[in-house]
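**Q** Predicted model and sequence below, questions to follow.
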Amino acid sequence: MENLNSYLIVSAVLFSIGTIGVLTRKNAIVMFMCIELMLNAVNLTFVAFSRYLGNLDGQIFVFFIMTVAAAEAAVGLALFISFYNNKESIDVDDANLMKW
Amino acid sequence: METLFFLIITLVAIVSAILVITCKNPINSALSLIMTFFCLATYYVMLDAPFMAAVQVMVYAGAIMVLIVFTIMLLNIRIDASKKHSHKLIFGSIIGFFTLLNIAFVLMRSRAAVPTGPYSGDMIKNIGHTELIGKEMFTNFLLPFEITSILLLVAIVGAVILAKKKI
């Protein structure tokens, strides 16, 4: 087992890359993938702390986060398909109905 | 040896994560994201959590990414060649950089707690990771496990209702 800090640093870098992706990309599906990347960075932190502290609760949490991500993927992609049917585009800038 | 392996995996994970946010074509982003997920599964194996690695490969790289790639191909999205988001690029990069700086600051100033839990590395190797996870999940975490099934049911119903044009 490596040092705990190295896992935390990798997780922090992956989380920041995901943040940059969510803030800079305009394609809704790519933004969605960046959110998945951030969720996975947090999962890595959970597993690393769980192993370091000798407590399995963190890994159970990762299990639940994966379930939530699966539900999110199903509902989110259905939303994207319905948005594409209305607007003929997947660009988030086209979702401007409530913008003034 | 293990440190070298860790560094190689880290390099692959970070390069493919950067490719996720820089590729123009969403399919290439999705394939890079699958690569990142495999690297994370490798980390889980190195952290003595083989069950989490298997679930990571099956659920994330298998189910969720297949769903995303399927949607990208179904919608047949054009590659976005627009150059009009340069200011967003700068602001997003600044915010992401400050996020990283913040986490690094917290990491350097904090002290980790002493290991207190009952599950040591030898115990995980002798009894088996899957068995320990199963015991924990079906005793202490039984109610959240049952609530998760309701969440999945709601997600199924919601996905069908949203994607269907006429119910």
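**A** Structure received. Please read all numbers here as calculations on a predicted model, not as lab measurements.
**Q** the domain parsing of chain B - what is it?
**A** With domains defined by automatic domain parsing, chain B comprises B:1-80, B:121-167.
**Q** where among those is the average confidence lowest?
**A** With a mean of 87, domain B:121-167 has the lowest mean pLDDT of the domains of chain B.
**Q** Tell me which of the domains of chain B is the most buried.
**A** Across those, averaging neighbours per residue (mean count of other Cβ atoms under 10 Å in any protein chain shown) puts domain B:1-80 on top, at a mean of 18. Backbone N, C-alpha and C define where each C-beta goes, glycine included.
**Q** Could you export the domains of chain B as TSV, including distance to A:I20?
**A** Formatted as TSV, the domains of chain B follow (distance: least, Cβ to Cβ, whole Å):
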stretch	distance to A:I20
domain B:1-80	6
domain B:121-167	28
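**Q** Please export the C-alpha coordinates of stretch A:10-30 as CSV.
**A** Coordinates of each C-alpha in stretch A:10-30 appear next as CSV, following Å, rounded to 0.1, in the frame of the first residue of the first chain:
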residue,chain,number,x,y,z
VAL,A,10,-4.2,12.1,-7.5
SER,A,11,-7.8,12.4,-6.4
ALA,A,12,-7.5,16.2,-6.0
VAL,A,13,-6.0,16.6,-9.5
LEU,A,14,-8.7,14.5,-11.1
PHE,A,15,-11.4,16.5,-9.3
SER,A,16,-9.9,19.8,-10.5
ILE,A,17,-9.7,18.5,-14.1
GLY,A,18,-13.4,17.6,-13.8
THR,A,19,-14.2,21.0,-12.5
ILE,A,20,-12.4,22.7,-15.4
GLY,A,21,-14.3,20.5,-17.8
VAL,A,22,-17.7,21.3,-16.4
LEU,A,23,-17.0,25.0,-16.5
THR,A,24,-15.4,25.2,-20.0
ARG,A,25,-17.2,22.7,-22.2
LYS,A,26,-20.6,23.4,-23.8
ASN,A,27,-21.6,20.0,-25.0
ALA,A,28,-24.0,18.6,-22.3
ILE,A,29,-22.8,15.0,-22.6
VAL,A,30,-19.2,16.0,-22.1
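**Q** mind showing which ranges of chain A have poor pLDDT?
**A** A:1-2 (pLDDT under 70).
**Q** ok, longest helix in it?
**A** In chain A, assigned by DSSP state H, the helix with the most residues is helix A:57-87.
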